[in-house]
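Visitor: could you work out the structure for the sequence below:
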Amino acid sequence: MKAHSFDEWSPLREVIVGTSAGYEAHDMELSFRLFFNDVANSSFYYPSLEARHPLDAADSRRPLNDRYVKELGEDLEDFAETLAALGVVVHRPDPLESRGTFATPDWEATMIPALNVRDQTIVFGDEIVETSCQVRARSHESDLLKPIFARYFREGSRWTSMPRPRLLDHSFDTSYVSGRATPAIEDVGEASGSAADYEIMIDGAQCIRLGRDIIVNVATANHALGARWLARHLEGRFRVHVMDRFADNHIDSLVLPLRPGLLLLRNPGVADRLPSPLQRWDKIYAPEPQSHNFPSYDNDDLIVSSPYIDMNVLSIDENTVVANSLFPELIATLESRGVTVIPVRHRHRRLFGGGFHCFTVDVVREGGDEYYFEEREWADA
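Guide: Below is the predicted model:
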């Protein structure tokens, strides 16, 4: 079937679900530490306040516990099987057979599997777009999805890749973290590059698709270039609207539209920062996560996700979502508002940087192409 996906809520027909096969470690280099800066900046995220900082710049590689990787794989298989049982066609990336190190003329990295596929790919209507990645270890991650993309291309879909950045040290706009007491910036200092050096870098999870309207979170000059590229590329087909520094990168654990007129939000402070058209929608606020919602980890286990990661639900249609069974408070909140919840277990979401929305690319959703905001609504934003 040809790609057809315009929003986050229309009936889901075909989806890509990521894989954890071959995941062994996190490479603790500049791009990784910059990307996870917001998590690094709060002691709430550490296994204990006495632990050494999990993003200590002295570390170069942080191995992952084999048991956690195995259990993540089990939870992913349950998730994929649940979607298939709902009648959704599920595609899976090629597994990462070995963690090979690859190099450019300027740096080396060790490849990771295509797990959080939402970051590297986004679908606009009938077009699959490979985004311009921000973490060096993920530079070739989309290669593991290319057999799937090729199949959709043969069936009539458009297939585009954004410019692939060189990811040099001075390619990154570090102004978002400069002047903040974070290890991510300790060996960078103030913005080390100039506007002429910055490259296009942006992830699919920085975008919210609302039919023909796309909201894009922009926190750095790299993101701004990415949003500008998207606006030019999609001109005449979609309208791109920028939200300034809504978060450091991804926004799908801050805000997710469940259907036209209904949002799942982290807290009222998020609502206050939304564009005015979305402020008029009804809102469901996620319960405050508590420590009992998460496994206990050792001080050497690297926490890379906000405790709000379980907000990262996947909509099956306008009334149904898949949510983490280990956050029953969120399930009860959604059900109290008339949302049908399909619970699936996801244990180690704070170690792997993603939830069910992150793990997926919704390539085919039924309908959705007719949805537009009125021009006057955006004029008020």
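Visitor: and the helix or strand hosting Glu335, which residues are buried?
Guide: Per DSSP states H and E, Glu335 falls inside helix 328-336. For helix 328-336, a neighbour-count test (16 or more other CB atoms under 10 Å) marks Leu330, Ile331, Thr333, Leu334 as buried. No exception for glycine: its C-beta is placed from N, CA and C like everyone else's.
Visitor: can you put these in TSV and add pLDDT?
Guide: Output for the buried residues of helix 328-336, formatted as TSV (pLDDT from 0 to 100):
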residue	pLDDT
Leu330	98
Ile331	98
Thr333	98
Leu334	98
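Visitor: which two among those residues are spaced furthest apart?
Guide: Ile331 and Thr333 (7.3 Å; CB to CB).
Visitor: give me the neighbour count for the closest residue in space to Asp317 that isn't next to it in sequence.
Guide: Spatial nearest neighbour of Asp317, excluding adjacent residues (CB to CB, 6 or more residues apart in numbering): Pro11 at 4.5 Å. The tally of other residues near Pro11 (other CB atoms under 10 Å) stands at 16.
Visitor: how much space separates Pro11 from Val322?
Guide: 14 Å (CB to CB, to the nearest Å).
Visitor: about what we covered before: would you agree the residue nearest to Asp317 is in contact with Gly367?
Guide: Yes - using CB atoms under 8 Å, Pro11 is in contact with Gly367, at 7.3 Å.
Visitor: for the nearest residue to Leu262 once chain neighbours are set aside, give me its contacts.
Guide: Excluding the flanking residues, the one nearest Leu262 by CB to CB, 6+ apart is Asp282, at 5.0 Å. Asp282 sits next to Gly261, Leu262, Leu263 when contact means CB atoms under 8 Å, 6 or more residues apart in numbering.
Visitor: the first one against Ile284, yeah?
Guide: No - taking contact to mean CB under 8 Å, the distance of 11.6 Å between Gly261 and Ile284 leaves them out of contact.
Visitor: so where's the stretch 51-200 of the chain uncertain?
Guide: 51-59, 99, 178-193 (pLDDT under 70).
Visitor: off-centre distance for the helix or strand where Pro277 lies?
Guide: Pro277 is part of helix 276-279, with elements assigned from DSSP H and E. For helix 276-279, the separation from the chain centroid amounts to 22 Å (computed by CA atoms, centre = their mean, to the nearest Å).
Visitor: could you do stretch 27-36 as well?
Guide: 16 Å.
Visitor: what's the longest helix belonging to the chain packed up against?
Guide: Of all the elements of type helix in the chain, the one with the most residues (DSSP state H) is helix 66-85. Helix 66-85 sits against strand 12-17, strand 89-91, strand 320-324, strand 340-344, helix 349-352, with contacts defined as 3 or more CB pairs under 8 Å, 6 or more residues apart in numbering; DSSP states H and E.
Visitor: could you point out which element follows the helix holding Pro277?
Guide: strand 282-285.
Visitor: how about that following strand: buried residues?
Guide: Lys283, Ile284.
Visitor: gap between the helix or strand hosting Leu258 and the chain center?
Guide: Using DSSP H and E, Leu258 sits within strand 255-259. Computed by CA atoms, centre = their mean, the chain-centroid distance of strand 255-259 equals 14 Å.
Visitor: run through who's touching that strand.
Guide: 7-9, 208, 210, 263-266, 270, 274, 278, 281, 284, 311-313, 315, 318-319, 321, 339, 357.
Visitor: filter those residues to the buried ones?
Guide: 7-9, 208, 210, 263-266, 270, 274, 278, 281, 284, 311-313, 315, 318, 321, 339, 357.
Visitor: which residue packs closest to Ala205, ignoring adjacent ones?
Guide: For Ala205, the spatially nearest residue (CB to CB, 6+ apart) is His250, at 3.9 Å.
Visitor: let me know the helix or strand that that neighbour is in.
Guide: Applying DSSP H and E, one finds His250 in no helix or strand.
Visitor: cool, Leu225 as well?
Guide: helix 221-234.
Visitor: helices or strands up against that helix?
Guide: Using 3+ CB pairs under 8 Å, 6+ apart: helix 221-234 touches strand 213-218, strand 239-244.
Visitor: which residues does it contact?
Guide: Against helix 221-234 from outside (CB under 8 Å, 6+ apart): 124, 129, 131-132, 134, 160, 162-163, 165, 171-173, 175, 195, 198-202, 206-207, 214, 216-218, 240, 242, 249.
Visitor: the helix or strand that contains Phe102 pairs with which strands?
Guide: Assigned by DSSP H and E, Phe102 belongs to strand 101-103. Sheet pairing of strand 101-103 (DSSP bridges) gives strand 108-110 (antiparallel).
Visitor: and the partner strand, which residues are buried?
Guide: Ala109, Thr110.
Visitor: and the gap between Arg212 and Val313?
Guide: 23 Å.
Visitor: what of His233?
Guide: For His233 relative to Val313 (CB to CB), the value is 29 Å.
Visitor: also Ser171?
Guide: For Ser171, the distance to Val313 - CB to CB - is 34 Å.
Visitor: the inter-axis angle of the longest helix of the chain versus strand 12-17?
Guide: 160 degrees (axes from the mean of the first three to the mean of the last three CA atoms, to 10 degrees).
Visitor: who touches helix 66-85?
Guide: 12, 15, 17-21, 23-24, 90, 92, 301, 316, 322, 342, 344-348, 351-352, 356, 359.
Visitor: can you rerun that using 7 Å?
Guide: For helix 66-85, the external contacting residues (CB atoms under 7 Å, 6 or more residues apart in numbering) are 15, 17, 19-21, 23, 90, 92, 322, 342, 344-348, 351-352, 356, 359.
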